[in-house]
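In: Just the structure for this:
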Amino acid sequence: CTSCRVEEATWRCLHCFGRPTYCTLCCRKQHERNPFHRVEKWTNNLYYSPAWLAEAGVVLQLGHGGGECPSHRQYTSGDSWEDEDDWTSDEEDDNDVEATAAAHSRSADGSRPAAATYTGNQTAMVIVDTTGIHRIPVWWCGCEGAPSDEMQLLDMALYPASHRRVKSCFTFRVLDDFLLDNLECKTSALNFYSKLRRTTNSTFPDQVPVSITCHLTDMMRHGFGYPGRARPGPGDLTFFCAACPQPGVNLPPEWKEDENQLIYTRGFMMDGNFSAEHLKMRRPANDVAISDGTGFMVGEGRYKAHLKLAKEVKSKSSCNNHKAVNLANADRHKLEATGIGATACPRHGCFLPHAVVDFQKGERQMNMDYSFSQALGRNMENIQRVILLYDINCQYGVHLRQRFTESPYLHMPRRLEIVQGIGLFHVHGHQDACFMRYSPTFIPGAGLVDGEILETLWSSLNKVSGSTRGMATSHRKEVLNRHMNDWNWKKMINIGKQMSIAADILLIHHAIQLPCCRPTAVLPSNCRAASQRKRLTDVKAMDVFDIRTDPPSRADIQLSLTDKETQHGLQRGTIAWLSQGIKVQEAQVSLAAHVRSLPKSPTTEQKIDLLNRRKRLQTRVDAHEGKKARYIVIEDNDEDDNEKDVDDDLGEEWDAVEPDDVFWAAPAQASGNAIRLAERVAITLPSTLGHARCEALNIQQLAARELKLREGQANDTLHQIRICLGQKSFLFRTSIRSARSQHNKTRAWGDVNAVDRTLQHHARVYSKARKAMVSLGAPEALLNHYKVLRQEDLKVSTAVADPNMRGQRATTMAWFWTWIFAETPRAKLGWKNVRKVRLLGHMY
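Out: Numbering: from 1, shown residues only. Prediction:
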């Protein structure tokens, strides 16, 4: 024996440092205050086998600080329950209980403690610890005035599983271990049970009263565990944000006299989570709520009364097709709760106490109204301004005050100023008008906030949603409350470090000019203030911040020029005739590309199709040429200028294959005269005549109008080129790379080739439009703006460009991705400055 050095050592402790060996007497003495160690016993002079300290005579002494009581009372089976086996499940037949217990007690490996009686008819109690499940004899304190049995157990950090007939106890250590595992590792109770089973290699009791212990711990932590203290009210057993402005908590006494009231604005962000669903209970009457309404989940009584009284509004979205609006009344009959809705502070990411509601169907307004109402009651005295961010605020906030007025369960201060907004991620899924009206960027006092903080909170909470799906209703709420409270606690203790990081980012933001994905304009101060005041009653007042940054299309320019035809002395229909000629040229380019793509020996059907297409195109050519005399007067000796074939400007440089000469020959001759090909006829336009010829014919105004239309044509084709490149990149990422069969690869490459053909067509049209600008004598500044398009510009990459990445130093994007429209209006409504726009960010 390593302790007495006299007796033979027959015991070995696995938890004592060094795994010492003891005799029976020393083993009992060494473990009087360590009764939950696991030991082994020397067996048959051959090996160590698993054993239990109870076999060495270890007894759990209650009272007297773990010391022996002179009047101890032994814990016997007759004191509390019949001689039943505690290791069998409830599903076993009662007649087999004793037989099963006897069989287990005779297990050869000693992996479970024997259900035996000890000296004085003393029965062992089942005690669950992190080291396993133990059976240990218990001696109660029998002194006069001794505490009750339950209090004696609690004094020794043991929590009884029952208060009527105590059969088993749980050490505070194992309960704390489960809480930490559940909070940090998201371990479910079932998995924790499995771990303990594997620790002891036996069956584990089927119920652990974790929720009761959590409630008592929360009561003590928040000061409600002392005599004379009132019961906790709604949300009293929670932590909340330490940085949000709260009168009486973190604001100075004179804060109401401060001129800058924007810094005292409270922010709220609402969102729904449909991963936290809950199945209906089979026996709802068995559910007992211990902490109803004292955490983050709202109390059942008033919430159900509100839902019963509230009117169910079935509305169709007036914005885009939002699922949160269209599926608000979707019902799922097997679920008691289809999800949860919560309110949080948008800047710091803390859940609002007593503001998390269950969804009975979809994300209905009546559910979120109650959550918002409860959030407004949390330390909001004398605060007059609130910023409310919600993914569908353009629909939710329309009749918000009316709904609050009609319900006796919803409360809102009468003079409260509510500024509605939408998170920066979701606002781009709305109509364009919602950006200026609801983006936090245009809300004074919002700061650098994205309005999507609840999405990050859901990602952590969803890890336990699977385990709470089948829990009892009250147990589920307590688990969710515990995880939300733990999140707020971590935020509170780490907020100092996070605020320091945020301050550094703010300094960097002011030191450099960061590019924005969408242009904004700087209005005069009086105009800005007026718009912000009007937005409270009419959000359309914020439309003054919207400016046109997209370059005008050909249709826009045609409409503008058509309205001013008579003002500039042009005949009616002049702009329409020019536009018709440009469209005919585009059709010529398309048909010429089709001809070049045909094989050398086309089929009869292909020949017929080509003749029909040429015939239709010739009809359009004749219609245009038939009107040229009304707008351009050309002398007879100059008519031959229009008989030339367009050999050098049909976009051959953008073909993927070489053209076949056989289809460039004229078709069969009739009456000795060659028939002109429709796709090669020169269309009469100022750009066809050239700048010098237009001056000679005194049609400079006509040429200037065509130049404007050519700009619109170039704008349209550049936009289509960007879309095609983006679609091609998307196909490579989603179709080409993920294709696992030859069939899928063939279909994917077919889609890519179709996009390539469209891309080549728009490249041909852009090249023709730019050549027309050159022919019309466009100024050098305009030609520098509409640069020459090259084959390298149309290469697509699926990798994200990072200028700081190795090998990316010389990598640049094509010029049309960072293209800036040169003629953005700046004078409208007193614009002072227009920031540059990256069309890549605007597109995506």
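In: Name the nearest residue to residue 793, sequence neighbours excluded.
Out: Nearest residue to residue 793, sequence neighbours excluded (Cβ to Cβ, 6 or more residues apart in numbering): residue 814, at 4.1 Å. Heads up, the C-betas are built off the backbone N, CA and C, glycines and all.
In: my guess is the one you found contacts residue 796, does it?
Out: No - taking contacts as Cβ atoms under 8 Å, residue 814 lies outside contact range of residue 796: 9.8 Å.
In: Would you agree residue 187 falls within a strand?
Out: No - assessed with DSSP: H, G, I helix; E, B strand; the rest coil, residue 187 is coil; it does not lie in a strand.
In: what about it, distance to residue 632?
Out: Separation of residue 187 from residue 632 (Cβ to Cβ, to the nearest Å): 83 Å.
In: who touches residue 444 in this structure?
Out: Contact analysis of residue 444 by Cβ atoms under 8 Å, 6 or more residues apart in numbering lists 262, 532.
In: mind checking how far it is from residue 385?
Out: 10 Å.
In: okay, and the common contacts of the two?
Out: Common neighbours of residue 444 and residue 385 (Cβ under 8 Å, 6+ apart) are residue 262.
In: Pull out the buried positions in stretch 462-475.
Out: 464, 465, 467, 468, 471, 472, 473, 474, 475 (16 or more other Cβ atoms under 10 Å).
In: So which of those sit within helices?
Out: 465, 467, 468, 473, 474, 475 (DSSP state H).
In: so which of the residues you listed comes closest to residue 312?
Out: When these are compared for distance to residue 312 (Cβ to Cβ), residue 473 wins out at 22.8 Å.
In: I'd say the closest one and residue 278 touch.
Out: Yes - at 7.1 Å, residue 473 counts as touching residue 278 under the criterion of Cβ under 8 Å.
In: Can you check which residues contact both of the two?
Out: residue 336.
In: which residues does residue 417 contact?
Out: With the criterion set at Cβ under 8 Å, 6+ apart, residue 417 makes contact with 384, 385, 386, 536.
In: which of those has the most neighbours?
Out: residue 386 (20 neighbours; other Cβ atoms under 10 Å).
In: List the contacts of that one.
Out: Neighbours of residue 386 in contact, by Cβ under 8 Å, 6+ apart: 265, 266, 267, 268, 376, 416, 417, 418, 419.
In: Is the first one in contact with residue 385, as I believe?
Out: Yes - under the criterion of Cβ under 8 Å, residue 265 is in contact with residue 385, at a separation of 4.6 Å.
In: what is in contact with those two at once?
Out: Common contacts of residue 265 and residue 385, defined by Cβ under 8 Å, 6+ apart, comprise residue 445.
In: Can you give the strand pairings for the helix or strand containing residue 387, parallel or anti for each?
Out: In the assignment (DSSP states H and E), residue 387 maps to strand 385-390. Sheet pairing here is set by DSSP bridges, and for strand 385-390 it gives strand 266-273 (parallel), strand 417-421 (parallel).
In: most packed of those strands?
Out: strand 266-273 (a mean of 25; mean count of other Cβ atoms under 10 Å).
In: which element follows it toward the C-terminus?
Out: strand 278-279.
In: by contact count, what packs against the helix or strand containing residue 751?
Out: According to DSSP H and E, residue 751 maps onto helix 742-775. On a contact count with 3 or more Cβ pairs under 8 Å, 6 or more residues apart in numbering; DSSP states H and E, helix 742-775 meets helix 574-597, helix 686-689, helix 700-731, helix 780-785.
In: just checking, which of the ones you listed sits deepest inside the structure?
Out: Of the helices and strands packed on helix 742-775, helix 686-689 is the most buried (mean count of other Cβ under 10 Å), at a mean of 24.
In: Which one of the strands paired with strand 385-390 lies nearest to residue 360?
Out: Using Cβ to Cβ, the strands paired with strand 385-390 put strand 266-273 closest to residue 360, at 12.3 Å.
In: what about dumping the CA coordinates of that closest one to PDB?
Out: The C-alpha coordinates for strand 266-273 follow below in PDB (Å, rounded to 0.1, in the frame of the first residue of the first chain):
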ATOM      1  CA  ARG A 266     -32.500  53.300 -29.900                       C
ATOM      2  CA  GLY A 267     -32.200  50.700 -32.700                       C
ATOM      3  CA  PHE A 268     -34.200  47.600 -33.200                       C
ATOM      4  CA  MET A 269     -33.900  44.900 -35.800                       C
ATOM      5  CA  MET A 270     -36.500  42.200 -36.300                       C
ATOM      6  CA  ASP A 271     -36.300  38.900 -38.100                       C
ATOM      7  CA  GLY A 272     -37.900  35.400 -38.200                       C
ATOM      8  CA  ASN A 273     -36.200  32.100 -38.000                       C
END
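In: From the rest of the structure, what touches that strand?
Out: Taking Cβ under 8 Å, 6+ apart as the rule, strand 266-273 contacts 244-245, 324, 339-347, 352, 359, 363, 368, 371-372, 375, 380, 383, 385-391, 423, 446, 449, 451-455, 458, 461-462.
In: Narrow the residues you listed to those that are buried.
Out: Neighbour counting with 16+ other Cβ under 10 Å marks 244-245, 324, 339-347, 352, 359, 363, 368, 371-372, 375, 380, 383, 385-391, 423, 446, 449, 451-455, 458, 461 as buried within the contacts of strand 266-273.
In: All the strands of the stretch 151-300 of the chain, residue numbers only.
Out: 158-160, 168-171, 266-273, 278-279 (DSSP state E, counting those that start in this stretch).
In: Return the distance of the third one from the chain's centre.
Out: Read it as strand 266-273. Offset of strand 266-273 from its chain centre (Cα atoms, centre = their mean, to the nearest Å): 13 Å.
In: ok, residue 554 touching residue 715?
Out: Yes - if you go by Cβ under 8 Å, residue 554 and residue 715 touch, sitting 7.4 Å apart.
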